[in-house]
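In: got a predicted structure here, sequence first:
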Amino acid sequence: MPNPPPSFPPCPTPFSDHIYRTVAGVDLPLRVWPTGVAGQRPWLLWLHGGGFIAGKHAVPEGWVVPGFCAHGYHVVSVAYRLLPHATLPDMLSDAQAALVWCRAHLASAVGGAARLDVDAYVVGGDSAGGTLASLGGHSLRPRPRVVLDLFGVTDFTDPFFHVRPDAVPAAAADTAGAPEQAPSPHPTPRGALSGRFTRERIAAELADRDAAHAGYIGAYPHELAPALSAERLRSFWGMPDYEPGDADWLRMDMYTLIREERSLLLRLNGIDGLVLDPAARETLAAASPVNLVDNTYPPTFILHGKSDATVPGDTQAYPFAARLKENGVVVGELYPEGMDHCFEETWTGPEYEGWNEYIEPTLDFIDKHIRV
């Protein structure tokens, strides 16, 4: 989930929109930006961030489309079902369905088969999308040639994300027999609710698991009125029919409540409750990208700010890179000093400080490994 930027770039053009899947009556879209570089080109399958509960496929991080297209990649940005009506297996299922759609239909969206090397693709994403991309390196079929992880969570058992057992009343959690769990070194986040809904209303929405109610998009507060008018949001997103409002604020309130509870990764994995007890720990460990790496995992590039206060690199990116290397996987990694979560989201070109230092090396690594 990004920190509010001073500004954010509008949706690049040209693009085309497509429905790649319908689940329980919910149409799931993806957006395609073709590269202008001639020849049979590779492509990017992009999964957006947003805490698994918000965000949008309509506008990836500011550098993604201009950077990849300039390097000769078509870009595909995928909307996937979000919490609370979907869990991690649903999101990964959506990613696989998007890949299947692209293998069958992307050529026609980018100018024909002569314009696409359908097997040469990289899966990437930021934050929540970085987590999905890292999991996609293990689960997607056919596998990507390269994985790009931007500040994603790779170990779901990290105490940073969970309630301390000693912070939960005995009546609320039975931790008898559980191994000692180190307390989180960080205080529980206390974001401000919007004031538009009662806590009971927010909790009721979080309890709704009906797949027919699933959402796949949600604006952040800095994208909503009064910070940004509805007309300007629609223009920036390239979505003239989008109606921002209560549904977006409710998503943000759900996210705030989940952050207070420290229940995000439990909910993501379909676990009820607040405490990382032994059974929950086992489930989360089995689903964590860091534990799904083997010597067949694709070459991976990791970009993660050293001052990330949302997803700490020392317990996420660094151990993930180490595990990849232990298994003989080729790894590229950059950890910019002083950079927080989503530090690069407004960069759109070489005129931005950091582009040549961080974005070009990322793309160069992918260029080197995308071709067999």
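Out: Thanks, I have it.
In: so, low pLDDT: which residues of this structure?
Out: For the chain, residues meeting the criterion pLDDT under 70 lie at 1-7, 164-191.
In: need the longest strand for this protein.
Out: For the chain, the longest strand by residue count, based on DSSP state E, is strand 116-126.
In: which elements pack onto that one?
Out: Packing partners of strand 116-126 (3 or more Cβ pairs under 8 Å, 6 or more residues apart in numbering; DSSP states H and E): strand 41-47, helix 88-110, helix 128-139, strand 146-150, helix 360-370. For the C-beta atoms, the positions are set from N, CA and C on the backbone; glycine is no exception.
In: what residues sit buried inside that strand?
Out: Buried residues in strand 116-126, counted by 16 or more other Cβ atoms under 10 Å: Leu116, Asp117, Val118, Ala120, Tyr121, Val122, Val123, Gly124, Gly125, Asp126.
In: which residues in this protein form strands?
Out: Taking DSSP E as the criterion, the chain carries its strands at 16-23, 26-33, 41-47, 74-78, 116-126, 146-150, 300-303, 331-334.
In: nearest residue to the middle of this protein?
Out: Centroid check for the chain by Cα atoms, centre = their mean gives Gly129 as the closest residue, at 1.6 Å.
In: how much space between the residue nearest to it when sequence neighbours are not counted and Ala279?
Out: Computed as Cβ to Cβ, 6 or more residues apart in numbering, the closest residue to Gly129 that is not its neighbour in sequence is Leu47, at 3.7 Å. According to Cβ to Cβ, to the nearest Å, Leu47 and Ala279 sit 28 Å apart.
In: so between those two, which is more surrounded?
Out: Leu47 (32 against 11; other Cβ atoms under 10 Å).
In: that one contacts Tyr80, doesn't it?
Out: Yes: Leu47 lies in contact with Tyr80 (Cβ atoms under 8 Å); the separation is 6.8 Å.
In: identify the contacts common to these two.
Out: Residues touching both Leu47 and Tyr80 (Cβ atoms under 8 Å, 6 or more residues apart in numbering): Ala95, Leu132.
In: residues touching Glu353, list them.
Out: For Glu353, the contact set (Cβ under 8 Å, 6+ apart) is empty.
In: now do the phi/psi pair for it.
Out: Per-residue torsions, Glu353: phi -60, psi 130 (degrees, to the nearest 10).
In: count of residues packed around the spatially closest residue to Ile19 that is not a sequence neighbour?
Out: Of all residues not flanking Ile19 in the chain, Asp27 sits nearest, at 4.8 Å (Cβ to Cβ, 6+ apart). For Asp27, the count of nearby residues is 11 (other Cβ under 10 Å).
In: beta partners for Asp27?
Out: Beta-bridge pairing of Asp27 under DSSP bridges involves Thr22.
In: Trp33 now?
Out: As for beta bridges, Trp33 partners with Val75 under DSSP bridges.
In: Val64 is in contact with that one, correct?
Out: No: in this structure Trp33 lies outside contact range of Val64 using Cβ under 8 Å: 9.0 Å.
In: need the overlap of contacts for these two.
Out: Counting by Cβ under 8 Å, 6+ apart, the residues touching both Trp33 and Val64 are Val75, Ser77.
In: what's the burial count for the residue lying closest to Phe161 once chain neighbours are set aside?
Out: Closest residue in space to Phe161, ignoring its immediate chain neighbours: Leu265 at 5.2 Å, by Cβ to Cβ, 6+ apart. Neighbour count for Leu265, taken as other Cβ under 10 Å: 24.
In: correct me if wrong: Leu265 contacts Asp155.
Out: No: assessed by Cβ under 8 Å, Leu265 is found out of contact with Asp155, at 9.6 Å.
In: which residues are in contact with both of these two?
Out: With Cβ under 8 Å, 6+ apart, Leu265 and Asp155 have no common neighbours.
In: rewinding a little: roughly how far apart are the residue nearest to the centre of the chain and Glu345?
Out: In terms of Cβ to Cβ, Gly129 sits 12 Å off from Glu345.
In: with His138 instead?
Out: As for His138, its distance to Glu345 is 26 Å (criterion: Cβ to Cβ).
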